[in-house]
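> generate coordinates for the sequence data below:
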Amino acid sequence: MSTTQSERLRELLEPLVSSQGLDLEEIAVESVGRKRVLRVVVDSDDGADLDAVADVSRALSAKLDETDAMGAGEYTLEVGTPGAERALTEHRHYVRAVDRLVKFQLTEGGGEVVARILTVDDDGMDLEVPGVKGRKATARRLAFGDIDKARVQVEFNRKDKQGEQDMQQDEQDEQDMTEEEEA
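Alright, predicted model coming up:
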């Protein structure tokens, strides 16, 4: 895809995506045989649910149909959200990844760090580096300038604080219901 087409598509679609309360994260046009696929990735601070993605997809489709931004020929429009292991490239991505486990590739031979993002500010972030072999987790400050690449990691067995609070609240609710039934 030429830069001019990418810029034209971004200029055309970004205001429409923003009007739906979402951020336009990525645009890619790929050729698959004779067909072309326009992939649009959207997100927001609160995430984008299926209804929001469907709404923005319909709006983008209508806008593209009334312009020649994709040129002549057929194409398929695919609108979605970033994957679970998304790359973090913008400040807002780090803010959205607070409390998530992230793998950082550091600049200038700094190696690799896997840590949980605790807070994010304009200069960088505070991390919690998990302890190894029974050791306690350690705190670390990481500046944005020290990061070459960062990617969210998928966690399957995490016992998060919110999940524990939800379970405790469920147990309390059950206990309250039992007490009410007995009264």
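> for residue 29, list the residues it contacts.
By CB atoms under 8 Å, 6 or more residues apart in numbering, the contact list for residue 29 reads 1, 5-6, 9, 36-39, 70, 75. Quick note: C-beta positions are derived from backbone N, CA and C, even for glycine.
> secondary structure class for it?
strand (DSSP: H, G, I helix; E, B strand; the rest coil).
> separation between it and residue 21?
Per CB to CB, to the nearest Å, residue 29 is found 25 Å from residue 21.
> ditto for residue 31
Counting by CB to CB - residue 31 and residue 21 are separated by 32 Å.
> pick out whichever of those two has more residues nearby.
residue 21 (14 against 10; other CB atoms under 10 Å).
> give me the nearest residue to the more buried one, chain neighbours excluded.
Excluding the flanking residues, the one nearest residue 21 by CB to CB, 6 or more residues apart in numbering is residue 44, at 6.1 Å.
> distance check, that neighbour against residue 35.
For residue 44 relative to residue 35 (CB to CB), the value is 30 Å.
> the more surrounded of those two?
residue 44 (17 against 11).
> ok, that one - contacts?
21-23, 52 are the contacts of residue 44 under CB under 8 Å, 6+ apart.
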